[in-house]
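> Structure, please.
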Amino acid sequence: MSRIVSFRGLLADDAQERISLETKRGEKGYRITKLATIPNKSGTATGEHTIKIFKIQQTTATAAIDFSDNTLLGVAYIENGSGVGNMQPDVVIFDNEIFNQDIYITHTDESGTEACNYYIELEQMDLALDEATVATLKDIRNND
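Below is the predicted model:
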């Protein structure tokens, strides 16, 4: 049986936030089902916002997107400008990977210093012992 859990927040420019998901035995697994963004000052400030979700903590938040990074779970990019109707729709791409450890979300505004809101929905599922072990081992390898 699975259920949907959601998280939302406001990230400053060049910020990172940890979303706590870890359990003692890793018996709960998660998969991203939705990622949405909206700038803090939509319509009144110009921004190029990149929000990324990772399996491991990042040393810095950057706008560079590298799909070969096996720790990257999802990306959202949105542009907005001053005036009505200038916000471009966000482009969201995410991996269907199942994980059972904490995740980290970063934000960068390449054309300013504005904050950006995020909303994430995760499908939560029970994992069998072997599935939990595989998910945990994948996370350990990503931390090396």
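
> all helices for this structure, in order.
For the chain, the helices defined by DSSP state H occupy 129-142.

> Tell me how far the residue nearest the centre of it lies from Ser2.
Centroid-nearest residue in the chain, with CA atoms, centre = their mean: Ile53, separated by 2.7 Å. Between Ile53 and Ser2 the distance, using CB to CB, to the nearest Å, works out to 19 Å. (Each C-beta comes from the backbone N, C-alpha and C, glycine too.)

> Show the contacting residues for Leu11.
Contact partners of Leu11, counting by CB atoms under 8 Å, 6 or more residues apart in numbering, are Glu17, Ile51, Ile105, Thr106, His107, Ala115, Cys116, Asn117, Tyr118.

> what residue ranges in this protein score low on pLDDT?
1, 82-89, 135-144 (pLDDT under 70).

> picking up where we left off before, beta-bridge partners for the residue nearest to the centre of the chain, please?
Gly74, Ile105 (DSSP bridges).

> so who does it touch?
Shown in contact with Ile53 (CB under 8 Å, 6+ apart): Ile32, Leu35, Leu72, Leu73, Gly74, Val75, Phe94, Ile103, Tyr104, Ile105, Ile120.

> can I assume the first one is in contact with Val75?
No: contact status for Ile32 versus Val75: not in contact, 10.7 Å apart, counting by CB atoms under 8 Å.

> So for the two, which residues contact both of them?
Residues touching both Ile32 and Val75 (CB under 8 Å, 6+ apart) are Ile53, Phe94.

> how much space between Tyr119 and Arg18?
From Tyr119 to Arg18 the distance is 17 Å (CB to CB).

> That'll do, ta.
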